[in-house]
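*Asks:* predicted structure and sequence below. I'll ask about it afterward.
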Amino acid sequence: MTRRHDSGLRVFVNAMTERAMHPLSTLVFVRALSVVIILKILRQWSSQSEILSLHQLQLPHGLITGPVLWPARFANTHPHVFFSGALVFLMIHLAIRRNYLTAVLFCTLTFNLMMIYLPNGDGGDVVGFMLSVWAIFLVPPRATASLYAVSSQAILYNVARLGCLLQFVFLYAASGVDKLKSNVWTTVKAFESMRLAGGIVNPHFPTWLATPFWDFTFTWSIIALEVLFGLLIWFRSWQPALILMAIVFHLGIWWMLDLPDFALIMIVAVLIFIRDDQYRRVFKPWLLSA
């Protein structure tokens, strides 16, 4: 038993140090993260510029926070220039090969956007910033690098990728456990409370879904998904179904609660669970027919 455990541990260590795991999946993930941020800037450009013109952001001026938050302070007085520059940078970031410099700049931009959108955000900006921190290290080693450089970079890359996976799992688990501890959720009154509060549920959400049967179904489906996701996602046979359910779940949040930013950023986070072989299996017929 000990030998088998040591062998499994050795395989894991070798995999973490010898090569970047699932580079195609990671590339899709980081590109999708940039696209979602571009879409948010375009969607909220006009309204956010008007907000900044009426209400100046109060930002710290510390030794570190001062330089880091300079773009957000610049947005206070020149919102259109700031958003234009952000879009130009994001388009360049999408077009070029990933490197540590642009990854750090991307993370800095997401942090500034989080501060700008904080007064009227829906939580998606915070998740996006957290993902961008991990994304700093999601730079695969170059083929021309030395053996030591490849090994060091592969460790950084694989640890960061694992960090993204675990962050999503812990986020789901914490939310699921919190719901199990909540009397409002376990008594299936959460959705009814949202409707009674007014202004939370999308007014276009069908009234025929606002029944005790659907409240029960939605409540326990959400709790089951959040609690079981972290336990079952590591098994290959369960991955496709869980990923699909998570995507449908967040599309449902978008539809029911009208939270597009949070829903999209969580869907992007789910994408990193898709393995390279799954992407190739799906897109290979298209590539062969092209």
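*Replies:* Perfect, I can see it now.
*Asks:* from now on I want contacts and neighbour counts done on CA atoms only, so please keep to that.
*Replies:* OK.
*Asks:* quick check: residue 81 vs residue 89, distance?
*Replies:* Separation of residue 81 from residue 89 (Cα to Cα, to the nearest Å): 12 Å.
*Asks:* so which of the two has more stuff around it?
*Replies:* Applying other Cα atoms under 10 Å to residue 81 and residue 89 shows that residue 89 carries more neighbours, namely 16 against 12.
*Asks:* please, which helix or strand holds the more buried one?
*Replies:* Following DSSP states H and E, one finds residue 89 within helix 79-95.
*Asks:* quick one: contacts of that helix?
*Replies:* 31, 34, 38, 41, 45, 49, 52-53, 71, 74-75, 102, 106, 109 (Cα atoms under 8 Å, 6 or more residues apart in numbering).
*Asks:* tell me where the stretch 151-290 of the chain has helices.
*Replies:* Counting by DSSP state H, counting those that start in this stretch, the segments of the stretch 151-290 of the chain that form helices are 183-186, 190-197, 212-232, 239-257, 260-271, 276-289.
*Asks:* between those, which gets nearest to residue 64?
*Replies:* helix 260-271 (27.4 Å; Cα to Cα).
*Asks:* now that closest one against helix 239-257, angle please.
*Replies:* Calculated by axes from the mean of the first three to the mean of the last three Cα atoms, to 10 degrees, helix 260-271 forms an angle of 180 degrees with helix 239-257.
*Asks:* contacts for helix 260-271, please.
*Replies:* The contact list for helix 260-271 (Cα under 8 Å, 6+ apart) reads 25, 28-29, 32-33, 36, 40, 122-125, 127-128, 131, 164, 168, 243, 246-247, 250-251, 253-254.
*Asks:* quick one: residues contacting residue 251.
*Replies:* Residue 251 is in contact with 263-264, counting by Cα under 8 Å, 6+ apart.
*Asks:* okay, it and residue 244: tell me how far apart.
*Replies:* When distance is defined by Cα to Cα, residue 251 is 11 Å away from residue 244.
*Asks:* which PyMOL command selects the buried ones in the contacts of helix 260-271?
*Replies:* Listed next is the PyMOL selection for buried residues among the contacts of helix 260-271, using 16 or more other Cα atoms under 10 Å:
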select buried, resi 25+28+29+32+33+36+123+124+125+127+128+131+164+168+243+246+247+250+251+253+254
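*Asks:* ends of stretch 179-191, what's the gap?
*Replies:* 12 Å.
*Asks:* quick thing: my sequence starts at 11, can you match it?
*Replies:* Noted, 11 is the first residue going forward, which turns the last one into stretch 189-201.
*Asks:* in it, what counts as buried?
*Replies:* Residues of stretch 189-201 classed as buried by neighbour count (16+ other Cα under 10 Å): 189-190, 195, 198, 200-201.
*Asks:* shouldn't residue 283 be in contact with residue 252?
*Replies:* No - the pair residue 283 / residue 252 is not scored as a contact, 9.8 Å apart, by Cα atoms under 8 Å.
*Asks:* quick one, which of these two is more surrounded?
*Replies:* residue 283 (23 against 19).
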